[in-house]
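# Predicted model, plus sequence, below.
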Amino acid sequence: MLDRSSRTPGRRVARALVAAGAAAVLAAAPLAAPAPATAAVSRAELALRWAPIHYQDVDATGGHALGGQSDYLTKVDFDGDLNGRNNWDRTGQAGVSLAAHAYYSVVETSTHWYITYLFFHPRDWTDHPFFETEHENDGEGALFAIERDGSAYGVLRSAVTVAHSDFFSYTPTGSTWTSGRESVDGTLQFQASPHDTFQHPVTAQEAQGHGLKAYPQYNINGDGLVYYPSTIAETPSGGNDRDVRYQLIDIFAAGGLWAQRSNPSLFASLGTFAGDTSGDCGVGTWSCSTNSANAPWGWDDGNDAPARGEIASDPAKLAAEYFTVPAGLARTYGYNPYAGASAALAEAARTAPPIVD
C-alpha cells in the first residue's frame with residue numbers, strides 16, 4: 001500500500017441485536033487488473049471496472065476535522081482492529097493509516113449484475129453547535145445495476161445513492177431505464193480515469209456528514225479529494241489531493257465485513273455499526289449519538305417501498321420499484337450471499353424503531 005503523505009438529520013437505524021462473532025482484522029484482497037474485453041471476468045474485475053471516480057469534499061474547519069482527515073475514505077479496521085467504538089478517537093493519530101479503501105458486493109440474476117459500493121469514514125462530524133449531531137463511524141454508498149447484454153462487463157443502466165436517510169436515483173445518458181414509482185433524480189455522468197482505459201461513473205460526497213449523490217449534485221467546494229478505483233490504496237498527500245487511488249475490498253470475502261456481521265465489537269445490531277460517545281465526539285456541538293451508522297444491509301429510505309437493507313440484499317426488487325425497465329428483469333438470484341440472512345433482515349426491518357440522528 002502506498003502512503004503519499006451538510007448533512008441531513010433523521011437517519012433511521014435498527015436495533016435488532018445479534019449474536020457475538022469472532023473478531024479478525026479485515027484484509028483487503030488484491031484485485032486483478034481488468035481483463036480483456038473478450039475474456040470472462042470475475043466479480044472482482046466487474047466491481048473494479050464499474051467502481052466510481054469519487055469526489056470527496058473536505059472541510060478542515062474546527063478541531064473535529066483533524067485538518068481535513070475526518071473526511072478521508074478508509075476501511076473499518078484502519079486502526080488495526082475491529083472495534084467500532086474506538087474509531088473516532090484513533091482517526092488522525094500518529095501511525096494510523098487513512099489509506100483509501102472502499103467495499104463492494106456483487107449479486108446477480110440471469111439478466112443483471114448489482115454492485116453495491118460502501119464508502120466508510122471513521123467520523124460523521126460537524127463544526128458548529130446548532131441542531132446537528134456527530135457520531136462515530138459513517139457508512140454511505142451506492143448501488144449500480146448492470147445489464148448483462150453479452151459483453152464482458154455489461155452496460156450500466158442505473159444508480160441509487162445513499163445520502164443519510166434518503167435514496168437518490170440516477171440513469172446515465174442513453175439508458176433504457178426511466179422513472180418508476182420514484183422519479184429519476186438526475187443524470188449519472190462518466191469520466192475517464194488516468195489509471196485505466198475505462199469511463200467510470202462519477203459520484204461525490206459532502207464534507208462532514210458525507211451524504212452521497214451523483215456528481216455534480218454534490219461537488220468539491222474549495223479543498224477536496226478525487227479518488228480513482230485501482231488495485232492499490234494511497235493515502236492523500238493532504239486535503240486537496242486530486243489524484244488518490246483507492247482499493248476495493250469484497251464484503252463477501254472470507255472473514256470480511258459480511259462474515260463479521262454478528263461481531264458485537266463492530267456491530268451493535270444487524271447492519272448497524274457500533275459507536276459510542278467517547279473522546280470529544282459531541283463536544284462543542286449539539287450532541288453525539290451512538291450506533292448511528294449503517295452497513296449496506298442496514299441502509300434504509302423509510303419513505304420508500306423497499307425494506308431496510310434491500311438495496312443490497314434484494315436489489316432487483318428495489319430496481320423494479322424505482323425504475324421502469326422495458327426489457328424486464330429477473331427476480332431470482334443466481335448468486336446472493338445476503339439471501340441466507342433475508343429472514344433476519346426482514347425481521348430487523350419490521351421491528352426496528354426509528355432513531356433520529
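Happy to help now that I have it.

# mind saving the C-alpha coords of the helix or strand hosting Y227 as PDB?
Assigned by DSSP states H and E, Y227 belongs to strand 224-230. Extracted in PDB, the C-alpha atoms of strand 224-230 (Å, rounded to 0.1, in the frame of the first residue of the first chain):
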ATOM      1  CA  GLY A 224     -11.300  18.200  -1.800                       C
ATOM      2  CA  LEU A 225     -10.100  14.800  -2.900                       C
ATOM      3  CA  VAL A 226     -10.600  12.900  -6.100                       C
ATOM      4  CA  TYR A 227     -10.400   9.100  -5.600                       C
ATOM      5  CA  TYR A 228      -9.800   6.700  -8.500                       C
ATOM      6  CA  PRO A 229     -10.500   3.000  -8.400                       C
ATOM      7  CA  SER A 230      -7.300   0.900  -8.500                       C
END
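
# For V106, what are phi and psi?
Dihedral angles of V106 (phi, psi; degrees, to the nearest 10) stand at phi -120, psi 130.

# Confirm that L156 sits in a strand.
Yes: assessed by DSSP: H, G, I helix; E, B strand; the rest coil, L156 belongs to a strand.

# is it true that it touches P172?
Yes: if you go by Cβ atoms under 8 Å, L156 and P172 touch, sitting 6.0 Å apart. Every residue, glycine included, has its C-beta placed from N, CA and C.

# For those two, work out which one has more neighbours and name it.
For L156 and P172, the more surrounded residue by other Cβ atoms under 10 Å is L156, and the numbers stand at 22 against 18.

# residues touching the more buried one, list them.
W50, F144, A145, I146, E147, P172, S175, L188, P201 (Cβ atoms under 8 Å, 6 or more residues apart in numbering).

# Direction included, what does the next helix or strand after the strand holding Y227 pair up with?
Next helix or strand after strand 224-230 toward the C-terminus (DSSP H and E): strand 234-235. Applying DSSP bridges, strand 234-235 is found paired with strand 2-3 (parallel).

# which secondary structure elements does the strand holding Y227 contact?
Judged by 3 or more Cβ pairs under 8 Å, 6 or more residues apart in numbering; DSSP states H and E, strand 224-230 is in contact with strand 53-57, strand 244-250.

# Tell me which stretches of the protein form helices.
Residue ranges of the helices in the chain, as given by DSSP state H, are 43-50, 87-90, 310-313, 315-322, 342-351.

# Quick one: the ones you listed as a markdown table, columns for distance to R331 and mean pLDDT too.
Listed next are those as a markdown table, based on distance: least, Cβ to Cβ, whole Å; pLDDT from 0 to 100:
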| stretch | distance to R331 | mean pLDDT |
| --- | --- | --- |
| helix 43-50 | 20 | 98 |
| helix 87-90 | 37 | 98 |
| helix 310-313 | 12 | 96 |
| helix 315-322 | 5 | 97 |
| helix 342-351 | 13 | 67 |
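
# Need the winner for burial among the ones you listed.
Ranked by mean neighbour count, those are led by helix 310-313 with a mean of 26 (mean count of other Cβ atoms under 10 Å).

# if we look at that helix, which residues are touching it?
With contacts defined as Cβ under 8 Å, 6+ apart, helix 310-313 is touched by 105, 107, 116, 143, 160, 162, 167, 296-297, 299, 317-318, 336, 338-339, 341-342, 345.

# Can you list the residue ranges for strands in the stretch 1-150 of the chain?
2-3, 53-57, 101-109, 112-124, 133-147 (DSSP state E, counting those that start in this stretch).

# Which strands or helices does the second one pack on?
Packing contacts for strand 53-57, counted by 3+ Cβ pairs under 8 Å, 6+ apart, involve strand 199-205, strand 224-230.

# Now the first one: buried residues?
Using 16 or more other Cβ atoms under 10 Å as the test for burial, strand 199-205 gives H200, P201, V202, T203, A204, Q205.

# Just the pLDDT for the fourth one.
As predicted, T203 sits at a pLDDT of 99.

# cool, and the first one?
The per-residue pLDDT reported for H200 equals 98.

# From G63, how far off is it?
From H200 over to G63 the distance is 35 Å, taken as Cβ to Cβ, to the nearest Å.

# And the fourth one, by the same measure?
For T203, the distance to G63 (Cβ to Cβ) stands at 28 Å.

# these two touch, right, A295 and S269?
No: with contact defined as Cβ under 8 Å, A295 does not count as touching S269 (10.7 Å).

# D276: which of the buried residues of strand 199-205 is nearest?
Q205 (23.8 Å; Cβ to Cβ).

# Hmm, that closest one is touching A214, no?
No: counting by Cβ under 8 Å, Q205 sits too far from A214 to count as a contact (11.1 Å).
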